[in-house]
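Peer 1: structure here, sequence nowhere to be found:
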């Protein structure tokens, strides 16, 4: 596997672009991904009971693809249309109708079917999307579609809301003697909490892989990547992750869990891991990415539960912002996680580019140097490592510090 430059246009046959359609003031606010060749599609979606209209639209299409009987009659997905600025959530039948209108307009322009168009939205909840601007934006994007890196970056820029950096990545891997490419982009900065995807993520690949295994690869990867991120404890109404595979790499179709499937999965998981960490580092108002590793666990589930609890703790996140090694907060968050362990056996370390320091040994502070701990916690990426000495399992969760700016951003988000 080799990391390469690019995003959603890195794989063969994919084009993309982003434009300013007037949904937001003077900013790009619509993106499109298009493949002339029909794509198999996998998806995972928010577990929030309140689901945005685009989530419902995409869920129906993905469900149809994953149903063997329906999939045999389904020609495949060609396009994804995304808008930022308005979430199209809590909008009832009218909002769902606008999803159909979006797909219908795209289908008309490209000569495809409505059910070959996926849609996604992000932004303010409770407002109807301006469908006239959406349709105009689709018309604007068609002639601007490009298979260049710039085309992919324009799309990645257009899906941003409070994000401060573009989030895209691409890798190459050899499957069946052919070079296969996987590229992705995502947006996510606030309203991020592990419970499915926690953001919008779009991944493209020219791999030839069965529908069943494409969905299995994504569903297997999500719990260890996007589900291990927490910015603020809020699970969005719009969380969507889609993977489109058009098969143009020409590798023999992956129909069983062999070496090629494992190599594809590892590449896809790398894409998801990188995007998840980019999200964590760009949390609203964040000054540092915060990583929590639990080692020495008796089970994977135990390690996941504890690491998520620590990375989600508001007190721990505020501690990271203040560069204050208030070690009791780590143990406290571990203790209320719901996982069972012996507090008197726990060791905790802080680590960053500035060094590593043990702050707790067998459940008791070590008498560490506060000055050294502060220096380590003052870096832009900080890791807390908790060894619970019960086994060999591990888990890693990602988040960020909690700052004054998070409050400022979300106190007047609609303006």
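Peer 2: Okay, I see it. Computed from a prediction, not measured in an experiment: that's the story for all the values here.

Peer 1: from here on, contacts and neighbour counts on C-alpha atoms
Peer 2: Fine.

Peer 1: centroid-wise, who is the farthest residue in the chain?
Peer 2: residue 367 (39.1 Å; Cα atoms, centre = their mean).

Peer 1: tell me the contacts of the closest residue to it other than its chain neighbours?
Peer 2: Using Cα to Cα, 6 or more residues apart in numbering and skipping residues adjacent in sequence, the residue nearest residue 367 is residue 359, 7.3 Å away. By Cα atoms under 8 Å, 6 or more residues apart in numbering, residue 359 lies in contact with 325, 327, 347-350, 365-368.

Peer 1: again, only this time at 10 Å
Peer 2: 325-328, 347-350, 365-370, 373, 384 (Cα atoms under 10 Å, 6 or more residues apart in numbering).

Peer 1: in these, which has the lowest confidence score?
Peer 2: Of all the contacts of residue 359, residue 327 carries the smallest pLDDT score, 89.

Peer 1: may I have the phi/psi pair for that one?
Peer 2: Here is the backbone geometry of residue 327 (degrees, to the nearest 10): phi -60, psi -30.

Peer 1: quick check: it touching residue 310?
Peer 2: No. Using Cα atoms under 10 Å, residue 327 makes no contact with residue 310, being 11.5 Å away.

Peer 1: who's more crowded, these two?
Peer 2: residue 310 (30 against 18; other Cα atoms under 10 Å).

Peer 1: surely the more buried one is within a strand?
Peer 2: No. The assignment for residue 310, made by DSSP: H, G, I helix; E, B strand; the rest coil, is helix rather than a strand.

Peer 1: now do it, the pLDDT please.
Peer 2: On the pLDDT scale, residue 310 gets 96.

Peer 1: which one is it nearest to, not counting chain neighbours?
Peer 2: residue 333 (5.1 Å).

Peer 1: helix/strand/coil for the one you found?
Peer 2: helix.

Peer 1: pretty sure it contacts residue 308?
Peer 2: Yes. Counting by Cα under 10 Å, residue 308 is a contact partner of residue 333 at 9.3 Å.

Peer 1: and those two? Which one has more around it.
Peer 2: residue 308 (27 against 21).

Peer 1: residues contacting the more buried one?
Peer 2: 193-194, 227-230, 292-294, 333-334, 337, 395-399.

Peer 1: for residue 399, grab phi and psi.
Peer 2: Torsion angles, degrees, to the nearest 10, at residue 399: phi -160, psi -150.

Peer 1: hey, what's it bridged with?
Peer 2: Legend: beta-bridge partners of residue 399 under DSSP bridges are residue 290.

Peer 1: just give me the neighbour total for it.
Peer 2: For residue 399, the neighbour count with other Cα under 10 Å is 32.

Peer 1: equivalent analysis for the one 3 residues further on, please.
Peer 2: Neighbourhood size, residue 402 [other Cα under 10 Å]: 26.

Peer 1: what's the answer for residue 258, then?
Peer 2: So residue 258, with other Cα under 10 Å, has 10 neighbours.

Peer 1: any idea how far residue 179 is from it?
Peer 2: 17 Å (Cα to Cα, to the nearest Å).

Peer 1: repeat that for residue 378.
Peer 2: 42 Å.

Peer 1: these two: which has the busier surroundings?
Peer 2: Using other Cα under 10 Å, the more surrounded residue of residue 378 and residue 179 is residue 378, with 20 against 16.

Peer 1: residues contacting the closest residue to the more buried one other than its chain neighbours?
Peer 2: Leaving aside its sequence neighbours, residue 378 sits nearest to residue 323 (Cα to Cα, 6+ apart; 5.6 Å). By Cα under 10 Å, 6+ apart, residue 323 lies in contact with 317, 370-371, 373-379, 382, 401.

Peer 1: among those residues, which ones are in strands?
Peer 2: Secondary structure from DSSP state E places residue 382 of the contacts of residue 323 in strands.

Peer 1: list buried residues within the contacts of residue 323.
Peer 2: Neighbour-count burial (16 or more other Cα atoms under 10 Å) is assigned, among the contacts of residue 323, to 317, 373-379, 382, 401.

Peer 1: redo those residues as CSV? Include distance to residue 108.
Peer 2: Listed next are those as CSV, based on distance: Cα to Cα, whole Å:
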residue, distance to residue 108
317, 49
373, 60
374, 59
375, 59
376, 57
377, 55
378, 54
379, 52
382, 50
401, 46
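
Peer 1: secondary structure element for the spatially closest residue to residue 349 that is not a sequence neighbour?
Peer 2: Leaving aside its sequence neighbours, residue 349 sits nearest to residue 358 (Cα to Cα, 6+ apart; 4.2 Å). Using DSSP states H and E, residue 358 sits in strand 355-361.

Peer 1: lovely, talk soon.
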